[in-house]
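# Quick one: sequence plus predicted model below, questions after.
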Amino acid sequence: MLLTREEMSLDFGGHRLDPAADREILAWIMNQFLYGEVTGIQIGQWLYDAPDLSAARFLAKQAIEELQHVGNMVSIMGMLELTPQPAHPVVRMLATGMMGGSWAEHVATEMALGEGFVLMAFYAVIDTLDHPESVAILERAVRQEESHVDFGECQTMALIAGDEALRKRLLGLSLVWMWGVRRLAGFMQSRLPDHPVLERLPDFLALCLQCAETRLLRMGVLEQPLSELSSASRAALVASAYAHKGGESTLRLLTSPARLLPFVGKRRRLTDTYLNDPVVREPG
Ligand SMILES: [Fe+2]
Ligand SMILES: [Fe+2]
């Protein structure tokens, strides 16, 4: 990976999440993770679009790993006595609504940035959760997630080498992705209960955005710090990225994340039905 675990970890000052006292917080966190892992089924589409056999083999292995992670989350929720519930709409938008429209979008926004963000959340839970059995499961999962991020970074770098138009398009989509993370930050800061770990959330989300920027710089998608890009340049990048995506009004997308959901399509998939699936409802 282009960033180290140390760079992607926040110091929570020794504060911990207690399985009993902090059940409400843990239920919220684990339900977002559970949904994220179910979105692993989207790999099916990308296997069909893989550019070569080694990429296809990586995706086939990743699909198995993500489905194992669904089982991991169900096990952790069982141990912590948490009930599976729907994920937050902004998480659904980030994980499913912004599903890439091309292989390049998939590896850059979903694998490098998206799974990079999930990895940071896993590191944070590992560092704070006072439940060794769950932490051991998450430690095994993060090694696999690190390989997914690494694959996304390598593929992105290879694709943008010599393709300036693609670099700019991926940058525009990355800016929308970062806006989505800020929306999630706004929700988390306004609705979650008082807790010393949660008090660090603004710093954690700021670190996530900083790491996303660093990753974009190290991949070469971003050529200068974001602070040096004017608002007009950012708007133009986002507009041209979405114009390429099929003419969807950028303003519409930016004003209502729920409107991104139609990108998902009308068919009911596991990301819609997993809460009623026997594997989640009656784990044995
Ligand atoms: Fe996963
Ligand atoms: Fe993953």
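Cool, got the structure. Ligands and ions are numbered 1, 2, ... in the order given.

# and V238, how many residues sit next to it?
21 (other CB atoms under 10 Å). Glycine gets a C-beta too; all of them are placed from N, C-alpha and C.

# Wait, it touches V176, no?
Yes. In this structure, V238 is within contact of V176 by CB atoms under 8 Å, at 5.7 Å.

# does the residue in the stretch 51-200 of the chain positioned nearest to ligand 2 count as helix, strand or coil?
Per CB to the ion, H148 is where the stretch 51-200 of the chain lies closest to ligand 2, at 3.8 Å. Of the three states, H148 takes helix under DSSP: H, G, I helix; E, B strand; the rest coil.

# Tell me how many other residues surround the nearest residue to it once chain neighbours are set aside.
Residue nearest to H148 in three dimensions, not counting chain neighbours: E115, with 4.8 Å by CB to CB, 6 or more residues apart in numbering. Neighbourhood size, E115 [other CB under 10 Å]: 24.

# from the stretch 51-200 of the chain, which residue is nearest to ligand 1?
H69 (3.7 Å).

# can you confirm that residue is in a strand?
No. Remark: H69 does not belong to a strand; assigned using three-state DSSP, it is helix.

# which residues sit in contact with it?
With contacts defined as CB atoms under 8 Å, 6 or more residues apart in numbering, the neighbours of H69 are E37, G40, A141, Q144.

# What is the burial count for the first one?
In this case it means E37. E37 has 23 neighbouring residues, counting by other CB under 10 Å.

# Give me the three-state assignment for it.
helix.

# Over to the third one?
For A141, the secondary-structure state derived from three-state DSSP is helix.

# And the pLDDT for it?
Looking at A141, its pLDDT stands at 96.

# what do you get for the second one?
For G40, the model assigns a pLDDT of 87.

# Please settle this for me: is it part of a helix?
Yes. Secondary structure of G40 (three-state DSSP): part of a helix.

# That one - nearest residue in space that isn't next to it in sequence?
E66 (2.5 Å).

# in what helix or strand does the one you found lie?
Element membership for E66 (DSSP states H and E) is helix 53-79.

# what's the helix or strand just after that helix packed up against?
Per DSSP H and E, the first helix or strand lying C-terminal to helix 53-79 is helix 89-92. Contacts defined by 3 or more CB pairs under 8 Å, 6 or more residues apart in numbering; DSSP states H and E place helix 89-92 against helix 23-38, helix 164-191.

# mind checking how far the first one is from the chain centre?
Think helix 23-38. 13 Å (CA atoms, centre = their mean, to the nearest Å).

# Where does pLDDT dip in the stretch 151-284 of the chain?
246-266 (pLDDT under 70).

# Report the contact partners of A104.
Applying CB under 8 Å, 6+ apart, the residues near A104 are T156, L159, I160, L166, R169, L170.

# now with 7 Å?
L159, L166, L170 (CB atoms under 7 Å, 6 or more residues apart in numbering).

# Buried residues, stretch 47-66. List them.
Neighbour-count burial for stretch 47-66, counted by 16 or more other CB atoms under 10 Å, picks out A50, A55, F58, L59, Q62, A63, E65, E66.

# hang on, the earlier thing: any chance of the contacts of H69 in JSON lines, plus distance to ligand 1?
Below are the contacts of H69 laid out as JSON lines (distance: CB to the ion, whole Å):
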{"residue": "E37", "distance to ligand 1": "5"}
{"residue": "G40", "distance to ligand 1": "6"}
{"residue": "A141", "distance to ligand 1": "6"}
{"residue": "Q144", "distance to ligand 1": "7"}
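
# Give me the three-state assignment for the closest residue to D22 other than its chain neighbours.
Distances taken as CB to CB, 6+ apart put H195 closest to D22, at 6.6 Å, once the chain neighbours are dropped. With three-state DSSP as the basis, H195 sits in coil.

# Thought I25 was touching H195, still the case?
Yes. Using CB atoms under 7 Å, H195 is in contact with I25, at 6.2 Å.
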